[in-house]
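> What follows is a predicted structure for the sequence shown.
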Amino acid sequence: MLTLFVVLLTWSVVAANPASQYVTPGSAEQEITPSSYELNVDEYLRRYGYLSNNVNELSIGYAERKSDAIMLFQDFAGLEITGEADEATRQLMLKPRCAMKDIDVEKPANSGWNKTDLTYKYISFTDDMTESDARNAIGGSLSVWAASSKLTFTETSGDVTMEISFGTKKHDPCPYDFDGPGGVIAHAFYPSLHEFAGDIHFDDDETYRYKTGNGLKLHSTGLHEAGHALGLSHDQTTTSIMTPWYNGLTALGPTDIKNINDLYP
Ligand SMILES: [Ca+2]
Ligand SMILES: [Ca+2]
Ligand SMILES: [Zn+2]
Ligand SMILES: [Zn+2]
């Protein structure tokens, strides 16, 4: 059984981390989750690691365990800790985000590649922009990681470290389906020996842009997903490119630079 994502997150920084900072006021691009998108709070908590998959409505003490999970989520997100799926909590859960877990108990610690010269190739592109813009956006995001670490990235054919593709809903051969417009925007596979390791998939039911136009900045989402493909987990620091929610950042924050250099010293 393939396990995507996992790591024991270190809990820290909370009070200095209000969720409002995830939102850039007046930035329409972050409000793209369609109103038709249905939020299932219980499923959200399970999917992103706040609530065990073995716990459901029939479990003993479910209400309390769900409340604990909501508090964990609120803590991670820097929201007021109420233990209830209040409006602020639901609003944040509706934000476009990465599919990777926030609390991933299965991801091995220090799981980087045992090499620093990495290769990549494109398997498919998006109709949202020209192929050349997509290359500039994604290639540009890899260059950002390279500029702050000893990593190098070379586009080549044949066997590569990172395969980059766009897909919708069930996108073979990936075992993890996308969910249509809104919700999840992309996922990636942590370094391992698995055949998909290092791969990055974008949900093409989202609208992406390069420099102009509407939609999510492909270079921002690419920067985030590349972080996973290199071995980084979600980070609750608001200046980090690794926040679970789309943040539109196109540069690394101080914790990103520290974490990538800890992984590849
Ligand atoms: Ca989606
Ligand atoms: Ca699209
Ligand atoms: Zn992510
Ligand atoms: Zn996929």
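Arrived safely, thanks for sending. Predicted model only: the values in this text are computed from it and were never measured. Ligands and ions are numbered 1, 2, ... in the order given.
> so how far is the first residue of stretch 169-185 from its last?
End-to-end span of stretch 169-185 (Cα to Cα, to the nearest Å): 11 Å.
> Would you mind listing the buried residues in it?
Across stretch 169-185, burial judged by 16 or more other Cβ atoms under 10 Å covers 171, 174, 178, 181-185. Placement of C-beta: from N, CA and C, glycine included.
> Could you do stretch 66-82 as well?
For stretch 66-82, the neighbour count (16+ other Cβ under 10 Å) marks 66, 69-79 as buried.
> between the buried residues of stretch 169-185, which is nearest ligand 2?
residue 181 (8.8 Å; Cβ to the ion).
> Next, that closest one: secondary structure please.
Three-state call for residue 181 (DSSP: H, G, I helix; E, B strand; the rest coil): coil.
> Can you report how many residues neighbour the closest residue to it other than its chain neighbours?
In space, residue 181 comes closest to residue 205 once its chain neighbours are excluded; the distance is 4.8 Å by Cβ to Cβ, 6 or more residues apart in numbering. For residue 205, the count of nearby residues is 17 (other Cβ atoms under 10 Å).
> What pLDDT does the model give residue 205?
With respect to pLDDT, residue 205 scores 97.
> any idea how far residue 179 is from it?
For residue 205, the distance to residue 179 equals 8 Å [Cβ to Cβ, to the nearest Å].
> Strands of this structure, residue ranges please.
Secondary structure of the chain by DSSP state E: the strands cover 97-98, 117-122, 152-155, 162-167, 184-188, 200-203, 208-209, 216-217.
> Now those strands in a markdown table, please, with extra columns for distance to residue 237.
Formatted as a markdown table, these follow (distance: least, Cβ to Cβ, whole Å):
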| stretch | distance to residue 237 |
| --- | --- |
| strand 97-98 | 15 |
| strand 117-122 | 25 |
| strand 152-155 | 24 |
| strand 162-167 | 24 |
| strand 184-188 | 19 |
| strand 200-203 | 22 |
| strand 208-209 | 25 |
| strand 216-217 | 19 |
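> Most tightly packed of these?
Of these, the one with the most neighbours on average (mean count of other Cβ atoms under 10 Å) is strand 200-203, at a mean of 26.
> Check whether stretch 227-246 comes near ligand 4.
No. Stretch 227-246 does not reach ligand 4 (Cβ under 5 Å from the ion); its nearest approach is 11.9 Å.
> Among the strands of the chain, which comes closest to ligand 3?
Ligand 3 sits nearest to strand 97-98 of all the strands of the chain, at 2.9 Å, using Cβ to the ion.
> does residue 219 really touch residue 249, like I thought?
No. Using Cβ atoms under 8 Å, residue 219 is not in contact with residue 249; the gap is 9.8 Å.
> Looking at these two now, which is surrounded by more residues?
Using other Cβ under 10 Å as the criterion, residue 219 and residue 249 rank with residue 219 on top: 26 against 20.
> How about the more buried one: what's its closest non-neighbour residue?
Leaving out its chain neighbours, the residue that sits closest to residue 219 by Cβ to Cβ, 6+ apart is residue 137, at 4.1 Å.
> Identify the residues contacting the nearest residue to residue 65 once chain neighbours are set aside.
Excluding its sequence neighbours, the residue lying closest to residue 65 (Cβ to Cβ, 6+ apart) is residue 55, at 5.5 Å. Residue 55 makes contact with 46, 62, 65-66, according to Cβ atoms under 8 Å, 6 or more residues apart in numbering.
> among those, which two are most distant?
Using Cβ to Cβ, these reach their maximum pairwise distance at 46 and 62, which is 12.0 Å.
> Distance check, residue 45 against residue 244.
Distance of residue 45 to residue 244, given as Cβ to Cβ: 13 Å.
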